[in-house]
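Chemist: Return a 3D structure for these sequence lines:
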Amino acid sequence: MVKLFNHDISMKKISFLLLSMLMLVSCNDFLDMEPTNSANSAEAIATPTDARVIINGIMRTMASSSYYGRNFFMYGDAKGGDLTIASQGRGLDGLYSFNHSATSGSYSGFWSTGYYCILQVNNLLENIDRITENGTSEDAASYNQCKGEAFTLRALIYFDLVRLYGKPYNYDKGSLGVPLVTQTLPASAQPTRATVEEVYKQIISDLNAGKSLLENGKVQQDGYMGYYANLAEQARVRLYMEDYDGALAAAQEIIGSGKFKLYEPSQWADSWKKQFGSESIFELGIYPAEADLGTYSLGYYLMRYGLKSGAAGWFMASDYYLERLAQDPTDVRWSVMYQDESEYTHLGSCNKYMGGPDMNGDGKESPTSVNIKVIRLSEIYLIAAEAALHASKPNAEQAAQYLNAIRCRATSLEPATASTINDDMILDERSKELFCEGHRFFDMMRMNRSITFNDDFGGIAVNGRPKTIDRTFGKIVLPIDQDEINANPALADQQNEAYK
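Modeler: Numbers count the residues shown, from 1 in each chain. From the prediction side, this is the model:
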């Protein structure tokens, strides 16, 4: 059975999968579920409403601080060089300094949160199959919708996990990724890591399965993984795989659908005040009484020191990022930047997750209960630009058109042309447009770029990495937490090399 509850419970890790299910229950206060290997687990889902409750719970967990609610976006930009820190000891320093080990600073919340969600997806899929295979359901369309969303969510989670723990696909796809768990397992199970390539194959399989189930109902439903969110994931994943034709086809279908619309430059700043705006393809709802992280939110971690009670100025834009944005002083994306603690003219604080420049939120009573925009249309245009440039039949003119649709937010910059567009131009635009949305590090790794960190900004001591890294640096992947290895000894010989 499934029920809502509002209290914490204490526990210890007892196995790889049981931990993954239980840990998030204690941290996020939302679903009290029996272990999937229990005798009564088949009773957890009896109606489409039950299935929807579980999907809501999965997305609620994805909005936790251990995942999209804060740490995943911080990971991408802190490790990608677009963020820096002014002072140590304020929180999440290890993301910037790469100060990780299996026993300290492992950021194991990514692993436990991800596998908790995967466990619930597997439970959902198996129970829906049980109901429909027995011929007891008169709600096939509703169940198919839930299954399509579940497959798509599982693909997204695995895509995130394999990028955190495995090397870039186009660098070493034969290296170890993460365990593939696509069915409920007993608590004694000890799954081992699949290769990066095997994980990507499962991601594509899940996306294809999800797409076939979602394509009959293409109506965009705010806050849920619909058909176009599935396509957007396909575009992302295939870009990372350098399947440029596939990425371009998915991106073009979204753009050509007319379901979404880019903001005009004059509208862009206010878009951060809005929930489920015209560019939003997949957005996680954050509400004052549900998932609002308050002083532990993205908004507070990017806010200027002392601006509001509890704001400690953890992270701010690096000089390198601001130099990139300064290519056009009238760029509309300056509108979400605010003075940081260093000096009056240094606009290093990002207010995207406080509702934009006025920091009043996105229409809810709490300014930190701002929805998390996981996939936006602007990213799809940038994917289309890169994919068109590298497709089996390259089209530089088309690539420039897609890029200029976003580049026009910097109104004084010359538009790209078929003769001037290149990867660096697209990469710069991705940095400016997707700042603090968790992409920069992964972009730099997949495109085989070096990352130089703004360590001299605050004069901090960084011992976990050199000032400049590339994808040969061992700590570009996270360690498997020692507690996970203790719970699942099969992982002992599969620790990432830098942490052995």
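Chemist: rest of the way, CA atoms for contacts and neighbours
Modeler: Will do.
Chemist: and stretch 303-320, how far apart are its ends?
Modeler: 19 Å (Cα to Cα, to the nearest Å).
Chemist: Any idea how many residues pack against Arg90?
Modeler: 13 (other Cα atoms under 10 Å).
Chemist: Counting neighbours, what do you get for the nearest residue to it once chain neighbours are set aside?
Modeler: Nearest residue to Arg90 in three dimensions, chain neighbours excluded: Trp314, at 5.7 Å (Cα to Cα, 6 or more residues apart in numbering). Trp314 has 23 neighbours, counted by other Cα under 10 Å.
Chemist: Next up, identify which helix or strand Trp314 is on.
Modeler: Under DSSP states H and E, no helix or strand contains Trp314.
Chemist: Quick check: pLDDT value at it.
Modeler: Looking at Trp314, its pLDDT reads 84.
Chemist: Then Phe5?
Modeler: 25.
Chemist: Then Leu18?
Modeler: At Leu18, pLDDT is 35.
Chemist: One more: Ser175?
Modeler: Ser175 is given a pLDDT of 98.
Chemist: thinking it is in contact with Pro168, fair?
Modeler: No - with contact defined as Cα atoms under 8 Å, Ser175 does not reach Pro168; the gap is 9.2 Å.
Chemist: more neighbours, those two?
Modeler: More crowded of Ser175 and Pro168, by other Cα under 10 Å: Pro168, with 26 against 17.
Chemist: who's in contact with that one?
Modeler: For Pro168, the contact set (Cα atoms under 8 Å, 6 or more residues apart in numbering) comprises 196, 240, 445-446.
Chemist: Pick out the most distant pair among those.
Modeler: Within the contacts of Pro168, Val196 and Met445 form the most distant pair, 14.6 Å apart (Cα to Cα).
Chemist: excluding its backbone neighbours, what's nearest Ile203?
Modeler: Leaving aside its sequence neighbours, Ile203 sits nearest to Ala155 (Cα to Cα, 6+ apart; 4.6 Å).
Chemist: Run a quick neighbour tally on the one you found.
Modeler: 27.
Chemist: Report the secondary structure state of the closest residue to Pro415 other than its chain neighbours.
Modeler: The spatial neighbour of Pro415 that comes closest, neighbours along the chain excluded (Cα to Cα, 6+ apart), is Asn404 at 5.9 Å. Assigned with DSSP: H, G, I helix; E, B strand; the rest coil, Asn404 falls in the helix class.
Chemist: swap in Gly361?
Modeler: Applying three-state DSSP: Gly361 is coil.
Chemist: What count of nearby residues applies to it?
Modeler: That count, for Gly361 with other Cα under 10 Å as the rule, works out to 25.
Chemist: right, and it touches Met354 too?
Modeler: Yes - assessed by Cα under 8 Å, Gly361 is found in contact with Met354 at 4.8 Å.
Chemist: Spit out the residues that contact those two alike.
Modeler: Residues within reach of Gly361 and of Met354 at once, by Cα under 8 Å, 6+ apart, are 367-368, 370.
Chemist: what would the residues you listed look like in TSV with secondary structure?
Modeler: Shown next, in TSV, are these (three-state DSSP):
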residue	secondary structure
Pro367	coil
Thr368	coil
Val370	coil
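Chemist: which one of those residues has the most neighbours?
Modeler: Most crowded among these, counting by other Cα under 10 Å, is Val370 at 33 neighbours.
Chemist: before we move on, the earlier item: which one among the shared contacts of Gly361 and Met354 gets closest to Gln267?
Modeler: Ranked by distance to Gln267 (Cα to Cα), the shared contacts of Gly361 and Met354 are led by Val370 at 18.0 Å.
Chemist: OK, contacts around the closest one?
Modeler: Contact analysis of Val370 by Cα under 8 Å, 6+ apart lists 275, 285-287, 292, 353-355, 361-362, 364.
Chemist: Check Thr84 too.
Modeler: Applying Cα under 8 Å, 6+ apart to Thr84 gives the contacts 78, 96, 315-318, 453-455, 457.
Chemist: what sits against the closest residue to it other than its chain neighbours?
Modeler: Of all residues not flanking Thr84 in the chain, Ser318 sits nearest, at 5.1 Å (Cα to Cα, 6+ apart). When contacts are counted by Cα under 8 Å, 6+ apart, Ser318 is found next to 81-84, 348, 454, 457.
Chemist: hmm, which of these are the buried ones?
Modeler: The neighbour-count criterion (16 or more other Cα atoms under 10 Å) marks 81-84, 348, 454 among those as buried.
Chemist: Which secondary structure state is assigned to Arg449?
Modeler: At Arg449 the chain is in coil, as set by three-state DSSP.
Chemist: Leaving out chain neighbours, which residue sits closest to it?
Modeler: Distance criterion Cα to Cα, 6+ apart; nearest residue to Arg449, sequence neighbours excluded, is Asp470 at 6.3 Å.
Chemist: Roughly how far does the one you found sit from Tyr96?
Modeler: Per Cα to Cα, Asp470 is found 15 Å from Tyr96.
Chemist: Pick out whichever of these two has more residues nearby.
Modeler: Tyr96 (24 against 14).
Chemist: Sticking with that one, tell me its helix or strand.
Modeler: Tyr96 belongs to helix 93-97, assigned by DSSP H and E.
Chemist: Let me know the average pLDDT across that helix.
Modeler: On average, helix 93-97 scores 93.
Chemist: Give me the packing partners of that helix, helices and strands only.
Modeler: Applying 3 or more Cα pairs under 8 Å, 6 or more residues apart in numbering; DSSP states H and E, we find helix 93-97 packed against helix 71-78.
Chemist: After the helix it packs on, which helix or strand is next?
Modeler: Sequence-wise, the next helix or strand downstream of helix 71-78 (DSSP H and E) is strand 83-84.
Chemist: Partner strands of that following strand, with direction?
Modeler: Sheet pairing for strand 83-84, assigned by DSSP bridges, gives strand 316-317 (antiparallel).
Chemist: Contacts made by the strand it pairs with with the rest, please.
Modeler: The contact list for strand 316-317 (Cα under 8 Å, 6+ apart) reads 82-86, 302-304, 340, 347-350.
Chemist: ok, 10 Å please
Modeler: Residues outside strand 316-317 that contact it (Cα atoms under 10 Å, 6 or more residues apart in numbering): 77-78, 81-86, 301-305, 337-342, 346-350, 435-436, 454.
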